[in-house]
Each structure stands twice: as structure tokens, then as C-alpha cells.
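S.K.: Test case, fold it:
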Amino acid sequence: MASQSNPSECIEVQKPFLTVDDAAELFSHLYGMPKATSVKPLNGYDAQNFLINLDHVGIDDQDLNQDPKCCTQRYVLKIMSGEESKDEIGFRAIHSIQKYLKHHGYTCAAPLQNIHGDDMKIEEFTKKQPADGLNAGQRVRGRFMIRAYPFLPGVSLTSVGVVPANSTQVFYEAGKSLAQMHKILQKYPHDTTALKEKAKTFEWSLDNLSIILKHVHVVKDQKRRDFIVDIVKTFESRVLTIKDQFRKGIIHNDFSDTNVLVTPILDNSTTSENSVAHQVNYKLSNAVDFDDSHYNCLVFDIGISMMYMAVSKPAENHPLHASAAFLAGYQHVNPLTPEELEVLHICQAARFAQSLIMGLYTYTYIQPGNDYLLLTQNSWPIIEDLWEMKVDSVRKMWTDVAMECAKFDMHA
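M.R.: Okay, here's the model as predicted:
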């Protein structure tokens with residue numbers, strides 16, 4: 001396993017570097033569990049994530065997607081980046097949020113306690129890098145926060161192989177889920193100071209959208225660079241200047257196609273939509289990864305989520321229709337104010353710009369080879385279409401899709 005040796009002459013790194021064997025040994029030692037029978041790396045932006053399997057049945061993607069019973073001996077081990085690991089107070093607040101949501105009936109995982117009776121631990125690791133690649137042959141060192149969660153069954157929206165027959169309803173239900181989360185968290189009784197402070201400095205907070213202007217040079221096309229600048233300036237002048245008019249609360253900030261989980265509905269025999277070959281219906285199952293949560297405007301969270309719904313696999317044929325269905329679901333549970341509706345499409349565009357630039361910059365200069373960072377790079381045509389639409393046309397689309405979605409609650 002990556003060791004705790006003499007730190008002299010080591011290069012300090014921010015990105016965790018554990019192997020699957022390291023992860024298996026660490027989980028067993030820190031959580032007092034049997035040695036894992038198998039370990040599978042999961043996608044991550046800055047953190048390392050591993051699926052830990054303790055039973056004697058192999059990790060089978062189909063089983064994980066469909067059968068909750070198969071997941072009782074599976075866990076997700078999270079190794080946070082060096083920079084993230086400095087925010088112990090912030091992560092304790094996030095853990096408190098997750099426990100509060102779960103206590104109030106919202107489906108999400110709460111962190112596991114380790115052998116020390118805590119739900120996190122920071123450890124220092126050193127390791128000699130291979131002879132090729134980044135920091136070739138050098139000893140590297142990092143201090144990383146270790147956390148773990150029970151594995152939740154389901155497949156992320158971005159991993160759905162075939163567009164679901166009921167994709168519009170899936171997006172609608174996802175919108176309802178975020179609205180329910182917001183309503184529960186409006187009554188969160190504990191101190192939110194750390195979450196408010198996070199909004200001031202966190203690079204993925206829309207408050208700090210202008211950070212991407214320092215990195216926009218990573219886009220080679222001048223027209224697209226100008227396009228990004230226009231979105232940032234519009235957001236600053238039309239949204240940030242009137243922040244006081246919007247409802248505030250704890251937001252997820254990454255309620256995305258990778259963090260919304262769905263499971264297939266196994267008995268579809270009575271669903272006429274399934275006449276399309278190889279298509280099945282899905283239902284919303286869980287929401288995961290609250291690590292970007294902080295205190296901010298609810299409308300930011302809605303726009304952020306609408307952006308990610310539009311770029312998900314099930315939305316590939318009608319991206320803006322998908323985000324409109326998400327909005328309809330949200331509105332059914334927690335209606336937006338006129339002021340929020342006025343700026344919602346700008347918030348959606350702002351996260352498009354943020355994701356496009358941050359992802360490409362990080363891939364180019366910090367984590368080359370991490371293709372997970374490039375998931376949204378094919379979405380340029382979607383944001384260009386949205387930004388070029390007249391506001392009245394956007395509003396009409398939202399209204400039309402909402403009318404289409406009304407049937408879902410009539411048959412509930």
C-alpha cells in the first residue's frame with residue numbers, strides 16, 4: 001500500500017494516487033471490514049472513488065443497476081484531493097446535511113463511521129511513481145481525507161446505454177426530487193456558516209463564474225471564447241447584481257447526470273411506449289455526491305441541474321426538452337418566483353460555460369488523460385442554441401413541456 005515514509009525529497013501532489021490494492025487494504029484497515037473480494041475504480045473529477053465489494057459475488061454492472069439486495073456488502077471509498085482535504089469543517093457540514101435528509105425520508109447515503117468513531121480521517125501517503133508519466137520516477141506525497149458510503153443501487157443517467165422509453169418522465173421526476181431536497185433543507189436547523197463561506201471561494205460556485213475568464217484561452221476558437229465571455233458578463237450584470245431577490249438555501253450544486261441514479265422498471269409489459277425495440281422504462285432511485293454543496297441561491301441549483309439534464313445520454317435527441325421537463329417537475333413541488341424564472345436560462349448557460357472551460361482546462365493542464373473531465377465538451381451546440389433563443393421562445397418551450405408533463409401526476 002502507499003506508505004507513510006520519510007517525507008523528505010517528496011513532491012507534494014493534490015491528486016490522490018492509490019491503486020485498487022491500496023484501496024482494498026485501506027478500507028479493511030480503517031473500517032474494520034473483511035478484505036474486499038474485488039475493487040473497481042469509479043469516475044472522479046478531483047477525488048479517487050472505488051467500489052468496494054465484500055461478498056463472493058463479482059461486481060456485475062447489471063446486478064448493481066437492478067437489484068438492491070446485491071448491494072448490501074458494497075461500499076464506495078472516497079479519497080479526496082489534497083486541496084479538498086483541507087476543508088474538514090465543510091465536509092462535516094455536508095455529512096450533517098446527508099444525515100438530515102436521510103432522517104427526513106430523502107433517499108441518499110450517509111457516511112460510514114470508521115474504527116475511530118468518526119466519519120472521516122486524513123492520512124498522509126507517499127509513493128514512488130512509475131518510470132513514465134507525470135513525476136516519473138519521483139517519490140510523491142499527499143495528505144488525503146478518507147470517507148466511505150454504503151453503495152446505492154442504480155446507474156447514472158449518463159451511463160444509460162439506450163434512451164429510456166419514458167425519458168421525459170425520468171427528467172420530470174428528477175426535477176421533483178431536487179425540489180423535495182430543497183424544501184427539506186429549508187428547515188435545516190444547524191449552523192450553515194461553513195457552507196456560506198464555501199460559496200465565496202469555491203471555484204464551482206456560480207458566484208465565482210468569472211474565474212473561468214482566466215482559463216478561456218484553452219478554447220482555440222475565438223468565436224467560442226467570445227461566446228463564453230458574453231455569458232459571464234451577462235450573468236454578472238443581470239443575475240449577481242440582483243442576488244438579494246432570490247430565495248437562498250443549501251444547494252446540491254452538482255445534481256447532474258452522473259449523480260442522479262435510475263433503475264430499470266423490470267415489468268414493462270403494460271407500457272405502450274415500450275414498442276420501441278430495446279427500450280425500457282426507468283425510475284429515479286437515488287441522488288449521490290453532495291461534496292459540492294454549499295449555501296446559495298436555489299435558482300442557481302435549478303439552472304445547474306437543467307444544464308446537466310440537457311447533456312445526459314437520455315436527452316441526446318431533445319436536450320432542451322429534457323431540461324424543460326426537469327423544470328416542470330421542480331415547479332410542481334416548489335414553484336419558482338417571477339424573478340427566478342427571469343434569470344433561469346442565464347443560470348443554465350452559466351453552468352454550461354463553467355463546465356466547458358473548467359473541464360477542458362483541467363484536462364489540458366492538470367489531469368491529462370482523465371476523459372471524465374471532457375464529458376460536456378460535445379455540448380457546445382446545445383448551449384449555443386439556448387443562448388441564441390429569444391427569452392419568449394424559451395418560456396414558451398418551458399410552458400409547452402410542462403403541459404405535456406402534467407399527465408405524469410394524473411396517473412401517479
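S.K.: Run through the strands of the stretch 51-200 of the chain in chain order.
M.R.: 74-79, 121-128, 139-150, 155-156 (DSSP state E, counting those that start in this stretch).
S.K.: any idea of the pLDDT on the residue most central in space within the chain?
M.R.: In the chain, the centroid-proximal residue (CA atoms, centre = their mean) is Asp254; its distance is 3.8 Å. pLDDT, Asp254: 96.
S.K.: Please apply the same query to Thr72.
M.R.: On pLDDT, Thr72 comes in at 71.
S.K.: next one: Asn370
M.R.: At Asn370, the pLDDT value in this model is 87.
S.K.: for the one 10 residues further on, same thing?
M.R.: Note for Trp380: predicted pLDDT of 95.
S.K.: Next, count neighbours for it.
M.R.: 15 (other CB atoms under 10 Å). The C-beta positions use only the backbone N, C-alpha and C, and glycine is treated the same way.
S.K.: So it is in contact with Lys223, correct?
M.R.: No: using CB atoms under 8 Å, Trp380 is not in contact with Lys223; the gap is 10.6 Å.
S.K.: in the lengthiest helix in the chain, what counts as buried?
M.R.: In the chain, assigned by DSSP state H, the helix with the most residues is helix 338-365. Within helix 338-365, the residues that count as buried by 16 or more other CB atoms under 10 Å are 340-363.
S.K.: Toward the C-terminus, what is the element adjacent to it?
M.R.: Downstream of helix 338-365, the next assigned helix or strand under DSSP states H and E is helix 380-388.
S.K.: Could you list the residues in contact with that next one?
M.R.: Here helix 380-388 makes contact (CB atoms under 8 Å, 6 or more residues apart in numbering) with 224, 227, 230-231, 310-311, 319-320, 345, 348-349, 352-353, 356, 394.
S.K.: Which other helices and strands does the helix or strand hosting Gly329 contact?
M.R.: According to DSSP H and E, Gly329 maps onto helix 319-333. Applying 3 or more CB pairs under 8 Å, 6 or more residues apart in numbering; DSSP states H and E, we find helix 319-333 packed against helix 167-185, helix 298-311, helix 380-388, helix 391-410.
S.K.: which other residues reach it?
M.R.: By CB under 8 Å, 6+ apart, helix 319-333 touches 167-169, 171-180, 183, 302, 305-307, 309-312, 314-315, 336, 344, 348, 379, 382, 385-386, 397-398, 400-402, 404-405, 409.
S.K.: From the residues you listed, list the buried ones, please.
M.R.: By neighbour count, with 16+ other CB under 10 Å, the contacts of helix 319-333 hold 167-169, 171-180, 302, 305-307, 309-312, 314-315, 336, 344, 348, 379, 382, 386, 397-398, 401-402, 405 as buried.
S.K.: Quick check: mean pLDDT of the helix or strand Lys233 falls within?
M.R.: Here Lys233 sits within helix 222-238, counting by DSSP H and E. Averaging pLDDT along helix 222-238 gives 97.
S.K.: Could the C-alpha coordinates of it be exported in CSV?
M.R.: What follows is helix 222-238 as a C-alpha-only set of coordinates in CSV (Å, rounded to 0.1, in the frame of the first residue of the first chain):
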residue,chain,number,x,y,z
GLN,A,222,-12.1,32.8,-31.0
LYS,A,223,-15.8,33.0,-31.6
ARG,A,224,-16.4,30.5,-28.8
ARG,A,225,-14.1,32.3,-26.5
ASP,A,226,-16.1,35.5,-27.1
PHE,A,227,-19.3,33.5,-26.6
ILE,A,228,-18.2,32.4,-23.1
VAL,A,229,-17.2,35.9,-22.2
ASP,A,230,-20.6,37.1,-23.2
ILE,A,231,-22.3,34.6,-20.9
VAL,A,232,-20.1,35.5,-18.0
LYS,A,233,-20.7,39.3,-18.4
THR,A,234,-24.4,38.8,-18.8
PHE,A,235,-24.6,36.6,-15.7
GLU,A,236,-22.6,39.2,-13.7
SER,A,237,-24.8,42.1,-14.8
ARG,A,238,-28.2,40.5,-14.8
